[in-house]
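In: no FASTA, just this:
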């Protein structure tokens, strides 16, 4: 689950200025699965918190997967570090890994990892992990927290991150799982648009070399051949451009 900014350039209802992004925008909320498919989206005003109305968006998706009987996992950044979300996921048997904002108590737990490694810094970062039990004031019980400390060559201070989880995986494996949430931003921002058509969607058809000649009109970019309208007055369509480019 993640939120994104959607800039607007008029006086659309619900749009608001946000100083963090420096623009007037909507603040939509998304849920993607591990394959990059969008499971759900909710358009929110630009002046609300990133996790606003998380339950309204997540609950129908959770219910659908509960009926399917599959194991469920949840990933989210620090905006979703909310005790009510932890409790909801635990109640529904969902494993989660959510980034936790740093504080003095967490910092004390990793003091033994904050000493700079001795000797000449290697080219590759020196990475250390630690897990421990932690209970914030707003939590009803303690939960597992995994810390990752990275010492990079040429940097004075280490990079530190905390993740709260109910998973039993080893710290390194759990952090690797959490890092998979980066693919969510990839799908929200959109993949790089390739100039050619995807051969998995638009298969090559016998015709001129380097061109796919299709005798079906009404075919849109990214649309399967079966979805095209039946042949009428068109003699053929040469698929060398996206529909938006060819008008």
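Out: Received it, and whenever you're ready, just let me know what you need. These numbers were taken from a predicted model, which means no experiment stands behind them.
In: How about the secondary structure of residue 84?
Out: Assigned by DSSP: H, G, I helix; E, B strand; the rest coil, the conformation of residue 84 is helix.
In: which ones are touching residue 154?
Out: residue 121 (Cβ atoms under 8 Å, 6 or more residues apart in numbering). In this view, the C-beta of every residue, glycine as well, is placed from N, C-alpha and C.
In: what's the offset of the helix ranked longest in the chain from the middle of its chain?
Out: The longest helix of the chain (DSSP state H) is helix 54-68. Centroid separation for helix 54-68 versus its chain: 17 Å, with Cα atoms, centre = their mean, to the nearest Å.
In: what's across from residue 32 in the sheet?
Out: Residue 32 has these beta-bridge partners by DSSP bridges: residue 38.
In: Kindly provide the distance from the spatially closest residue to residue 143 that is not a sequence neighbour to residue 96.
Out: Distances taken as Cβ to Cβ, 6 or more residues apart in numbering place residue 164 nearest to residue 143, at 5.4 Å, with adjacent residues excluded. Distance, residue 164 to residue 96, using Cβ to Cβ, to the nearest Å: 8 Å.
In: what's the answer for residue 169, then?
Out: 12 Å.
In: and if you look at residue 2?
Out: Here residue 2 is placed at a distance of 14 Å from residue 96 (Cβ to Cβ).
In: Spit out the residues that contact the two alike.
Out: residue 76.
In: remind me which residues of this protein are low pLDDT?
Out: Where the chain drops to pLDDT under 70, the residues are 182-247.
In: what ranges do the strands span in this structure?
Out: 2-3, 6-7, 16-18, 23-26, 29-32, 38-42, 73-76, 95-100, 126-134, 143-151, 159-165, 213-214, 237-238 (DSSP state E).
In: Mind putting the ones you listed into JSON lines with distance to residue 64 and mean neighbour count?
Out: JSON lines is the format used below for the strands of the chain (distance: least, Cβ to Cβ, whole Å; neighbours: other Cβ atoms under 10 Å):
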{"stretch": "strand 2-3", "distance to residue 64": "19", "mean neighbour count": "22"}
{"stretch": "strand 6-7", "distance to residue 64": "25", "mean neighbour count": "14"}
{"stretch": "strand 16-18", "distance to residue 64": "32", "mean neighbour count": "14"}
{"stretch": "strand 23-26", "distance to residue 64": "26", "mean neighbour count": "18"}
{"stretch": "strand 29-32", "distance to residue 64": "11", "mean neighbour count": "21"}
{"stretch": "strand 38-42", "distance to residue 64": "8", "mean neighbour count": "15"}
{"stretch": "strand 73-76", "distance to residue 64": "14", "mean neighbour count": "22"}
{"stretch": "strand 95-100", "distance to residue 64": "17", "mean neighbour count": "21"}
{"stretch": "strand 126-134", "distance to residue 64": "32", "mean neighbour count": "15"}
{"stretch": "strand 143-151", "distance to residue 64": "27", "mean neighbour count": "20"}
{"stretch": "strand 159-165", "distance to residue 64": "24", "mean neighbour count": "19"}
{"stretch": "strand 213-214", "distance to residue 64": "36", "mean neighbour count": "17"}
{"stretch": "strand 237-238", "distance to residue 64": "38", "mean neighbour count": "14"}
